[in-house]
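Visitor: Structure for the following, please:
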Amino acid sequence: MASVDAAQVLTPDGWRGPARVHVDGGRITTVEPVAAVSTDRLLVPGFVDLQVNGIDDVDVTSADGADWERLDRLLLAQGVTTWCPTLVTMPLARYARPLERIAAAMGRPGGGRPTIAGAHLEGPFLGAAAGAHPKDLIVPLDLQWLRDLPPHIALVTLGAEQPLAAEAVELLVAAGRLVSIGHTQATEAEFDGAVAAGARLTTHLFNAMTGVHHRSPGVATFAMTNPAVSASIIADGVHVHPRVLSLAFAALGPERSVLVTDAVAWRSGRVGDIGMELRDGAPRLPDGTLAGSALTMDHAVRTCVAAGIDADVALRAASTNPARLLGLDDRGTIEPGRRADLVALSSALEIEQVWVA
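Guide: Below you'll find the model as predicted:
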């Protein structure tokens, strides 16, 4: 049995501390109040990132061999203990090989690395807001292709305006996959129809979608006001202005807010087949279109807190909420019986130490 002391521990009931978290066999056994500890650190659940296209110089689409070990280290350095490698829009026939490599990475023996919860397909069945995705490669929904997907696809982003969107959502949900609405200019009826069919997330709120207008509300408005759907947010201070970030968290509430990095291999100059460069704080296409981020999850949390969002709310958006959406009921909170995926933070919310199970 091992134990971890912290001045404050983020539990489902809020901050507790000073406290000692006992761990046995990779699981939390007790969260015990103590009189004092010799540290001022905070202990929070391991972060869960639903959208990682790559990091630094490693692109998920082409990652192989030692690339996965490098991704493991880069993820742990930012507190991420569970994640979804994300593949962007490409020809349908091109998905097979990257998905095989992701499956191989998931099957590596040993522990001490972030868990790959499954792949995230961000495309090619998107809507009218392509963003950085190649418009010519966005295609109509192919229900048979979706039926034939391998079991390690955890999350699919699609456009709610696709004619077969409701059928596709139902099919994917029946197979145990999380469905997100994104890269879309869907109408209110189309958006609500996809949510009624089982979609439970909206991909990178405000980005690559219609927005908020008092007489002509768009997808961002529909997402914030539909209590049945959560929304992911890229909190790098570039994709979403801090005041709008604060607005989104206020509208979504603490249960429906989800932080993602949407990180890309910005140093390599590519995400999938898309060329880009880092300019003005984010990767961009030559025409200035945002193409993912260079964000880390711990930075996203600090950006939220700087915008006036309570630290516990931001930290749950980086851990508890995405774990719940993926159906991972063995992690995402610090309480007895859960996996000991833990992150120690300084009082300034900087990473001090990370444990996986």
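Visitor: contact partners of the lowest-mean-pLDDT helix or strand in the chain?
Guide: Across the helices and strands of the chain, mean pLDDT, DSSP states H and E gives its lowest value to strand 270-271, namely a mean of 70. With C-beta atoms under 8 Å, 6 or more residues apart in numbering as the test, strand 270-271 has contacts from Asn53, Gly54, Asp59, Thr61, Val88, Ala132, Val264, Ala265, Met276, Pro283, Ala291, Gly292. Where you see a C-beta, it was placed from the backbone N, CA and C, and this is true even at glycine.
Visitor: so which pair among the residues you listed is furthest apart in space?
Guide: Greatest spacing in these, by C-beta to C-beta: Thr61 and Pro283 (14.7 Å).
Visitor: Which one's more surrounded, these two?
Guide: Taking neighbours as other C-beta atoms under 10 Å, Thr61 and Pro283 compare with Pro283 leading, 28 against 23.
Visitor: The least confident helix or strand of the chain pairs with which strands?
Guide: strand 274-275 (antiparallel) (DSSP bridges).
Visitor: Output the contacting helices and strands for the helix or strand following the partner strand.
Guide: Next helix or strand after strand 274-275 toward the C-terminus (DSSP states H and E): strand 277-279. Strand 277-279 sits against strand 282-284, with contacts defined as 3 or more C-beta pairs under 8 Å, 6 or more residues apart in numbering; DSSP states H and E.
Visitor: so Leu278 bridges to which residues?
Guide: Pro283.
Visitor: give me the number of residues near it?
Guide: Other residues close to Leu278 by other C-beta under 10 Å number 15.
Visitor: so what's it up against?
Guide: Leu278 touches Trp266, Arg267, Arg284, Ala294, counting by C-beta under 8 Å, 6+ apart.
Visitor: pLDDT score for it?
Guide: Note on Leu278: pLDDT of 90.
Visitor: Pass me the low-pLDDT residue ranges in the stretch 151-300 of the chain, would you?
Guide: 272 (pLDDT under 70).
Visitor: which residues in it form strands?
Guide: For the stretch 151-300 of the chain, strands defined by DSSP state E, counting those that start in this stretch occupy the ranges 153-158, 178-181, 201-202, 230-234, 257-260, 270-271, 274-275, 277-279, 282-284.
Visitor: Name the strands paired with the fifth one and say parallel or antiparallel.
Guide: Note on strand 257-260: by DSSP bridges, its sheet partners are strand 230-234 (parallel).
Visitor: got the contact list for the strand it pairs with?
Guide: By C-beta under 8 Å, 6+ apart, the surrounding residues in contact with strand 230-234 are 50-51, 180, 200-207, 223-224, 239-240, 245, 248, 252, 255-262, 293, 295, 300, 317, 321-322, 325.
Visitor: Buried ones among those?
Guide: Using 16 or more other C-beta atoms under 10 Å as the burial test, the contacts of strand 230-234 include 50-51, 180, 200-207, 223-224, 239-240, 245, 248, 252, 256-262, 293, 295, 300, 317, 321-322, 325 as buried.
Visitor: and Asp312, how far is that from Gly332?
Guide: Computed as C-beta to C-beta, to the nearest Å, the Asp312 to Gly332 distance reads 14 Å.
Visitor: meant to ask about Ala130, not that
Guide: 32 Å.
Visitor: of those two, who's got more company?
Guide: Gly332 (27 against 18).
Visitor: residues near the residue lying closest to the more buried one once chain neighbours are set aside, how many?
Guide: Among residues not flanking Gly332 along the chain, Ala323 sits closest, at 2.8 Å (C-beta to C-beta, 6 or more residues apart in numbering). When counting by other C-beta under 10 Å, one arrives at 27 neighbours for Ala323.
Visitor: And for Arg324?
Guide: Arg324 is flanked by 19 other residues according to other C-beta under 10 Å.
Visitor: Make sure it is indeed in a strand.
Guide: No: applying DSSP: H, G, I helix; E, B strand; the rest coil, one finds Arg324 to be helix, outside a strand.
Visitor: For the residue nearest to it when sequence neighbours are not counted, which residues are in contact?
Guide: Counting by C-beta to C-beta, 6+ apart, Arg324 lies nearest to Gly332, which is 6.2 Å off, once chain neighbours are set aside. By C-beta under 8 Å, 6+ apart, Gly332 lies in contact with Pro45, Val48, Ser319, Thr320, Asn321, Pro322, Ala323, Arg324, Arg338.
Visitor: Looking at those residues, which is nearest Met1?
Guide: Closest to Met1, out of all of the contacts of Gly332 and judged by C-beta to C-beta, is Arg338, at 15.7 Å.
Visitor: Please identify which helix or strand holds the residue nearest to the closest one when sequence neighbours are not counted.
Guide: In space, Arg338 comes closest to Ile28 once its chain neighbours are excluded; the distance is 5.2 Å by C-beta to C-beta, 6+ apart. Using DSSP H and E, Ile28 sits in strand 27-33.
Visitor: helices or strands up against whatever helix or strand comes next after that strand?
Guide: Sequence-wise, the next helix or strand downstream of strand 27-33 (DSSP H and E) is strand 42-45. With contacts taken as 3+ C-beta pairs under 8 Å, 6+ apart, strand 42-45 sits against strand 2-6, strand 8-11, strand 342-345.
Visitor: mean confidence score for strand 42-45?
Guide: Here the average pLDDT along strand 42-45 is 98.
Visitor: in that strand, what's buried?
Guide: For strand 42-45, by 16+ other C-beta under 10 Å, it's Leu42, Leu43, Val44, Pro45.
Visitor: Excluding chain neighbours, give the residue nearest to the third one in space.
Guide: With sequence-adjacent residues excluded and distances taken as C-beta to C-beta, 6+ apart, Val44 is closest to Leu10, at 4.5 Å.
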